[in-house]
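Chemist: here is my input; please provide its structure:
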Amino acid sequence: MKEQFVLRDSRLQSSQDDEHARRLEEFYPRSIGSHVDKLRNFTKFVPRASIAEFLAKHEIFRRALGIQGHIIECGVFLGGGLMTWAQLSAIYEPANHYRRVVGFDTFAGIPRKGEGDETADPNEHSRVGGFKCESYEDLLECEALYDLTRAIGHIPRIELVKGDACETMEAYRKKHKHLVVALLYLDFDLYEATKKALEVFLPRMPKGALIGFNELDNESWPGVSEAIEEVVGFQTLRIERAPFASHPSWAVLE
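Modeler: Model (predicted):
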């Protein structure tokens, strides 16, 4: 049996949510059709909240579409967000071979926590090693499949950067002297890494570029708001959100 990665916060999820997850786990393998048939009819299975999050990210991507530069995903986990940006880029801008979707992650879980990350009511994942997911090789195979059917598939569109992001982001920036960032999506959850991402990439973001927030104003991850206040300042940002989803949110640089 393959390893499962259940993202759950008992303070926010009800018994009905647990029942839905349990029954969906049972229903999917015995539902009619091949695996590919099921993927082509994904709305039969994907939870409503996940579709809402996808639509919110679609809104963010559409706003970044006319902005030159890379998409930086800070925190990859299983790769759903990374591949959302990549698929939308292949659909909306198939000839834009300059755009890269770059994902930073340890692929080994949260490496450490600082004082800025402490909360009075921690959840099941807010610990060293939380969100551990060795998905790097899995995503390389996913990338190869992605390249098979998109335009200009011989030119890479996705880059995965493995390791402690507080070290790898700076090294990536120095190596890629041409770098411009159209969208910086922050999903590290932690103070130190979020602050470092802003310090490294914000100077390379032009007017009209977007900062996306996955865990802003979330009491489980207070370091995110702390880092944004210190580096950018909330009074300089107009933070927007999709009314149909609890997260993500975003700000357009003006």
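Chemist: how's this protein carved up into domains?
Modeler: 10-45, 47-252 (automatic domain parsing).
Chemist: just name the most buried of these.
Modeler: Ranked by mean neighbour count under mean count of other C-beta atoms under 10 Å, the domains of the chain are led by domain 47-252, which reaches a mean of 17. (Glycine included, C-beta is placed from N, CA and C.)
Chemist: and that one, end to end?
Modeler: One end of domain 47-252 sits 29 Å from the other (C-alpha to C-alpha, to the nearest Å).
Chemist: just how off-centre is it within its chain?
Modeler: 4 Å (C-alpha atoms, centre = their mean, to the nearest Å).
Chemist: quick one, phi/psi of the residue nearest the centre of the chain?
Modeler: The centroid of the chain falls nearest to Gly81 when counting by C-alpha atoms, centre = their mean (4.1 Å). The phi and psi values for Gly81, taken as degrees, to the nearest 10, are phi -70, psi -50.
Chemist: how much space separates it from Ser14?
Modeler: For Gly81, the distance to Ser14 equals 25 Å [C-beta to C-beta, to the nearest Å].
Chemist: hmm, back to that, what helix or strand is the residue lying closest to the residue nearest to the centre of the chain once chain neighbours are set aside on?
Modeler: Spatial nearest neighbour of Gly81, excluding adjacent residues (C-beta to C-beta, 6 or more residues apart in numbering): Glu73 at 5.7 Å. Using DSSP states H and E, Glu73 sits within strand 70-74.
Chemist: other SSEs contacting that strand?
Modeler: Applying 3 or more C-beta pairs under 8 Å, 6 or more residues apart in numbering; DSSP states H and E, one finds that strand 70-74 contacts helix 80-92, strand 101-105, strand 181-186, helix 191-201.
Chemist: which other helices and strands does the helix or strand just after the second one contact?
Modeler: Read in the C-terminal direction, the helix or strand following strand 101-105 is helix 136-149, with elements assigned using DSSP H and E. Of the remaining helices and strands, those touching helix 136-149 by 3+ C-beta pairs under 8 Å, 6+ apart are helix 80-92, strand 158-162.
Chemist: and for helix 136-149, what's in contact with it?
Modeler: 76, 79, 82-83, 86-87, 90, 103, 105, 107, 153-154, 156-158, 160, 162 (C-beta atoms under 8 Å, 6 or more residues apart in numbering).
Chemist: shaky segments in the chain?
Modeler: Along the chain, segments meeting pLDDT under 70 span 1-12, 111, 113, 117, 119-131.
Chemist: can you do 90?
Modeler: Applying pLDDT under 90 to the chain flags the ranges 1-15, 17-18, 107-134, 189, 218-221.
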